[in-house]
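> What follows is a predicted protein model with its sequence.
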Amino acid sequence: MGRVHKNFKVRAPDPRLAIIDERLKDVKRIFVVVSGKGGVGKSLIATTLSLILTKRGRSVGLLDLDFHGPSCHIILGTKGAMPTEEKGIIPPEVHGIKFMSVVYYVGDEPLPLRGTEISDAFTELLAITKWGRVDYLIVDAPPGMGEEVLDVIRLMERSEFLIVTTPSSLALKTVSRLTRLLLEVRAPILGVVENMRITETKLVEEHAKKFGIKYLGPILFDYNLEECFSNPKKLLGTKFARNVRDIAKKIL
Ligand SMILES: Nc1ncnc2c1ncn2[C@@H]1O[C@H](COP(=O)(O)OP(=O)(O)O)[C@@H](O)[C@H]1O
Ligand SMILES: [Mg+2]
């Protein structure tokens, strides 16, 4: 185990870390969808990728960790499915996906948690959730930089990161910081996805080249997504999903 809680005020080893390792032991791969920025399509990509992998017969877990604005439950359409308790918490199966979200704990209330409390809630969530045997655990990460990402690395050591950006110099500025951070801590990077492409541009490809990471291709701007929320069948029929399938091929 050897890992120590990085909350500098508390130097004692956190017993939950060992439990988390046990909880994740039958999870084959962990993909974490990150961007550093909000509104670039992380939740939509994480959810669609989960549906695509499930459709291919893989067992998939989807974990929405966005404490600021959980949204996978809306995209997926969870229809009141709730976790159940059995010496831990068992995620409900929604459209074949084992689904867990911070929304089960924070609801629609304005978030009372901040800073280290979020980190603590995240640790607790991982310690109680029983994923069982899962081929892929897809994690929708919070938009923050730094602490949030370091928490993911600390708590889920086998995480592989899927970076999402839009082809905008504004998004890329944040994404550059995030990429540098991930490279610095030697976290495995699956590559970078260019989402919401409207016109031809090389911005994201150049970003990938500059940092020596894989460019996973574009996802075009799709005007029909809104009406697909809570309707996986419809979502899987979109151009958006077709683009995500191409990306899935490159990372599996
Ligand atoms: N390729 C795309 N084409 C059109 N709209 C998109 C696309 N990707 C994401 N969106 C929309 O952008 C908004 C933000 O997406 P979301 O997945 O919530 O981003 P994030 O999780 O990064 O904050 C949503 O309304 C979503 O429907
Ligand atoms: Mg989101």
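The structure has been received and is ready for your questions. Ligands and ions are numbered 1, 2, ... in the order given.

> Helix, strand or coil: sort out residue 161 for me.
Under DSSP: H, G, I helix; E, B strand; the rest coil, residue 161 falls in the strand class.

> So it sits against residue 187, correct?
Yes. Counting by C-beta atoms under 8 Å, residue 161 sits close enough to residue 187 to count as a contact (5.7 Å). All C-beta atoms are positioned from the backbone trio N, CA, C, and that covers glycine.

> the more surrounded of these two?
When neighbours are counted by other C-beta atoms under 10 Å, residue 161 comes out ahead of the other of residue 161 and residue 187, with 24 against 18.

> so what's the more buried one up against?
If you count contacts by C-beta atoms under 8 Å, 6 or more residues apart in numbering, residue 161 has them with 31-32, 34, 182, 187-190.

> Please repeat the previous calculation with a cut-off of 10 Å.
30-34, 139, 141, 149, 152-153, 178-179, 182, 187-192, 213 (C-beta atoms under 10 Å, 6 or more residues apart in numbering).

> Just give the nearest non-adjacent residue to residue 95, would you?
residue 232 (4.9 Å; C-beta to C-beta, 6 or more residues apart in numbering).

> Could you list which residues are in contact with that neighbour?
So residue 232 contacts 47-48, 50-51, 54-55, 75-77, 94-97, 241 (C-beta under 10 Å, 6+ apart).

> Check what pLDDT it gets.
On pLDDT, residue 232 comes in at 97.

> what pLDDT does the nearest residue to residue 205 once chain neighbours are set aside get?
Among residues not flanking residue 205 along the chain, residue 215 sits closest, at 4.8 Å (C-beta to C-beta, 6+ apart). Per-residue pLDDT puts residue 215 at 98.

> Just to check, residue 215 is in contact with residue 167?
No. Look at residue 215 against residue 167 with C-beta atoms under 10 Å: they stay out of range, at 11.4 Å.

> of the two, who's got more company?
Taking neighbours as other C-beta under 10 Å, residue 215 and residue 167 compare with residue 167 leading, 20 against 17.
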